[in-house]
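Here is my input; please provide its structure:
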Amino acid sequence: MANKISDEVIEYVSILAKLELTEQEKKDAKADMEKMLDYIDTLNELDTDGIEPVSHVFPVHNVFRDDIVLNGDGSGDTLANAPLEKDNSFKVPKTIG
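Numbers count the residues shown, from 1 in each chain. Predicted structure coming up:
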């Protein structure tokens, strides 16, 4: 294991993340990233043959309800106030040549 990250990689990542890091912050970020990569290597050692992939830890059910129109959208009332109307829409003067 013992993944090593170069100072150039830390600099590049900080630029991508639009971060201005102090030297101490760069050193800390480098150590944290190396630890993360080491942990990923540890996870890669696990035998996952025959394990079905999952997208969620818990079963996911559709929690959305059907849309039911109860009182309409009021477009008729809105269009009643329009100075000009065409095809159930406001008609406005042309503004571009």
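
So which other helices or strands are in contact with the longest helix that the chain contains?
Longest helix in the chain, counting residues (DSSP state H): helix 23-44. Packing partners of helix 23-44 (3 or more C-beta pairs under 8 Å, 6 or more residues apart in numbering; DSSP states H and E): helix 7-16. Where C-beta positions appear, they are placed from N, C-alpha and C, glycine not excepted.

Against which helices or strands is the helix it packs on packed?
Going by 3+ C-beta pairs under 8 Å, 6+ apart, helix 7-16 lies up against helix 23-44.

just to revisit the earlier point, contacts made by the longest helix of the chain with the rest, please.
By C-beta atoms under 8 Å, 6 or more residues apart in numbering, the residues outside helix 23-44 that reach it are 1-5, 7, 10-11, 13-14, 21.

Return the set of buried residues in that helix.
With burial defined by 16 or more other C-beta atoms under 10 Å, the residues of helix 23-44 counted as buried are 26, 29-30.

returning to what we had before: which of the contacts of helix 23-44 are buried? Put it as a ChimeraX command.
In ChimeraX, this line selects whichever of the contacts of helix 23-44 come out buried by 16+ other C-beta under 10 Å:
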select :5,10,13,21
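
Save the contacts of helix 23-44 as JSON lines, and put in distance to P53 and pLDDT too.
Putting the contacts of helix 23-44 into JSON lines (distance: C-beta to C-beta, whole Å; pLDDT from 0 to 100) gives the following:
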{"residue": "M1", "distance to P53": "25", "pLDDT": "55"}
{"residue": "A2", "distance to P53": "29", "pLDDT": "84"}
{"residue": "N3", "distance to P53": "25", "pLDDT": "90"}
{"residue": "K4", "distance to P53": "31", "pLDDT": "93"}
{"residue": "I5", "distance to P53": "29", "pLDDT": "94"}
{"residue": "D7", "distance to P53": "37", "pLDDT": "94"}
{"residue": "I10", "distance to P53": "32", "pLDDT": "94"}
{"residue": "E11", "distance to P53": "36", "pLDDT": "95"}
{"residue": "V13", "distance to P53": "28", "pLDDT": "94"}
{"residue": "S14", "distance to P53": "33", "pLDDT": "94"}
{"residue": "L21", "distance to P53": "36", "pLDDT": "93"}
